[in-house]
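In: Have a look; sequence and predicted model below, questions after that.
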Amino acid sequence: MSFREGRSPISQHSPAVAYRLHKPGMTLTAFPPLPHATLAWASAAFIATGLAVGLPAADAAARIAILHAPAAWLSSGLYVAMALLGACALAWRHRAAALLANAIAPTGIVFTLVALWTQALLRKPVHGLWWVWDAEAVSQLMLMFLFGGVLALRAMIDDPRRADRAAALLALVGAGNLPVLYFSVYWWHVLSHEAAASSASGWTARTAGAAALVLAGFIAYAVFAVSKRARCTADEYRVLAHSTIEFQEVKP
Amino acid sequence: MIAIDMYAWGAVAATLVVLAAESVLLAIRDRDVARRVRELHIAGDGR
């Protein structure tokens, strides 16, 4: 049993609950394998190429922005994916959709953290502040709390189906934060946006290309991490179901 | 310029470390699960 990568579903549910998940007709089969090694190497290659192209750029703020912008875009994208999968799980009681939505949340937290951290690093040298309570920063922080909230809510509820529905509902309600995050740079004066716009040699074709490469690398990494986590979770359910069935067979 | 360069390299290093840490945790979890799947002889696709 592994507790290293968050709480294992085996530790979350009683054997009886887990067995009900796997009764005939409701079996959660092994998650389809993806070329994880290829995805990991592609991700590393894209990120390395993006950094090699973007880091020699003249403006230092732009060097941070080529990491900040893709991380912020991807964290929003991952949230959209999680909310859509949650909607599928709610509408059709689709177990695999709920499993994938749950697998997205930790990677979403990682990219939201990267976006927040790089935002602070972007602001400190330009404005002398690590953190400003503006709409962009607050909605980005709320995005991280929403990813964490989905994980926490799922871990708190013992019945997996109720946990899936509650997490999906929270993901859907939280999607209201996304327009605020997206339009915050247009609706309000946001420091990092102004910094990027006013920097002397700021956002050039070269840095935009570098950001696109880094984004491609981040997307490959997210597909790698989410599919690997979903596959591990599905296999942990299979192991638990198998162990429970064997236990019931040998019971006098 | 030196200070802001330091921030830029800090952003690069922190991003790569966070992604590498998540990959390592996932690899450890995957290895544990694969071992248990093999032990129970329920290996499906790719295990």
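Out: Structure received.
In: low pLDDT regions in the chain?
Out: Because you didn't say which chain, this covers chain A. By pLDDT under 70, the low-scoring segments of chain A are A:1-33, A:58, A:185, A:188-202, A:244-252.
In: was after chain B, sorry
Out: Applying pLDDT under 70 to chain B flags the ranges B:1-4, B:42-47.
In: Where do the helices of it begin and end?
Out: Residue ranges of the helices in chain B, as given by DSSP state H, are B:2-39.
In: Report whether stretch A:213-232 contacts chain B.
Out: Yes: using CB under 8 Å from any CB of the partner chain, stretch A:213-232 reaches chain B at A:221, A:224-225, A:228-229, A:231-232. Quick note: C-beta positions are derived from backbone N, CA and C, even for glycine.
In: Let me know the angle separating the top helix by length along chain A from helix B:2-39.
Out: Under DSSP H, the helix in chain A containing the largest number of residues is helix A:205-250. Using axes from the mean of the first three to the mean of the last three CA atoms, to 10 degrees, the direction of helix A:205-250 lies 30 degrees away from that of helix B:2-39.
In: Give me the helices and strands touching helix A:205-250, please.
Out: helix A:9-12, helix A:15-21, helix A:36-54, helix A:60-92, helix A:95-127, helix B:2-39 (3 or more CB pairs under 8 Å, 6 or more residues apart in numbering or on different chains; DSSP states H and E).
In: CSV for the ones you listed, including distance to A:Ala135 and mean neighbour count?
Out: Shown next, in CSV, are the helices and strands packed on helix A:205-250 (distance: least, CB to CB, whole Å; neighbours: other CB atoms under 10 Å in any protein chain shown):
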stretch, distance to A:Ala135, mean neighbour count
helix A:9-12, 36, 18
helix A:15-21, 41, 16
helix A:36-54, 27, 18
helix A:60-92, 13, 23
helix A:95-127, 13, 23
helix B:2-39, 22, 16
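In: Would you mind putting the ones you listed into TSV with distance to A:Asp158 alongside?
Out: Formatted as TSV, the helices and strands packed on helix A:205-250 follow (distance: least, CB to CB, whole Å):
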stretch	distance to A:Asp158
helix A:9-12	7
helix A:15-21	6
helix A:36-54	31
helix A:60-92	18
helix A:95-127	15
helix B:2-39	22
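In: right, and A:Leu122 touches A:Ile66 too?
Out: No: with contacts counted by CB atoms under 8 Å, A:Leu122 stays clear of A:Ile66, the gap being 10.8 Å.
In: give me every residue that touches the nearest residue to A:Ala44 once chain neighbours are set aside.
Out: Closest residue in space to A:Ala44, ignoring its immediate chain neighbours: A:Gly217 at 7.2 Å, by CB to CB, 6 or more residues apart in numbering or on different chains. Each residue near A:Gly217 by CB atoms under 8 Å, 6 or more residues apart in numbering or on different chains is listed here: A:42-50.
In: mind redoing it with 7 Å?
Out: The contact partners of A:Gly217, by CB atoms under 7 Å, 6 or more residues apart in numbering or on different chains, come to A:43, A:46-47, A:50.
In: Wondering if stretch A:54-61 reaches chain B at all.
Out: Yes: against chain B, stretch A:54-61 shows contacts by CB under 7 Å from any CB of the partner chain at A:60-61.
In: Send over stretch A:69-79 as CSV, restricted to the C-alpha atoms.
Out: Output of stretch A:69-79 as CSV, limited to C-alpha atoms (Å, rounded to 0.1, in the frame of the first residue of the first chain):
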residue,chain,number,x,y,z
ALA,A,69,2.0,32.0,-18.9
PRO,A,70,2.0,28.3,-20.0
ALA,A,71,1.6,27.2,-16.3
ALA,A,72,-1.3,29.5,-15.8
TRP,A,73,-3.0,28.5,-19.1
LEU,A,74,-2.5,24.8,-18.4
SER,A,75,-3.8,25.1,-14.8
SER,A,76,-7.0,26.7,-16.2
GLY,A,77,-7.2,24.0,-18.9
LEU,A,78,-6.8,21.2,-16.5
TYR,A,79,-9.6,22.7,-14.4
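In: Quick one: distance of that stretch to the chain centre.
Out: Taking CA atoms, centre = their mean, to the nearest Å, one finds stretch A:69-79 lying 8 Å from the centre of the chain it belongs to.
In: How about stretch A:38-51?
Out: 18 Å.
In: what comes into contact with it?
Out: A:66, A:210, A:213-214, A:216-217, A:220-221, A:223-224, B:12, B:23.
In: wait, which of those residues is closest to A:Met82?
Out: Nearest to A:Met82 among those: A:Val223, at 13.9 Å, using CB to CB.
In: contacting residues around A:Asn102?
Out: A:Asn102 touches A:154, A:167, counting by CB under 7 Å, 6+ apart.
In: Which strands and helices lie in contact with the helix or strand harbouring A:Leu146?
Out: In this structure, A:Leu146 is located in helix A:135-156 according to DSSP states H and E. Judged by 3 or more CB pairs under 7 Å, 6 or more residues apart in numbering or on different chains; DSSP states H and E, the packing partners of helix A:135-156 are helix A:60-92, helix A:95-127, helix A:160-174, helix A:177-187.
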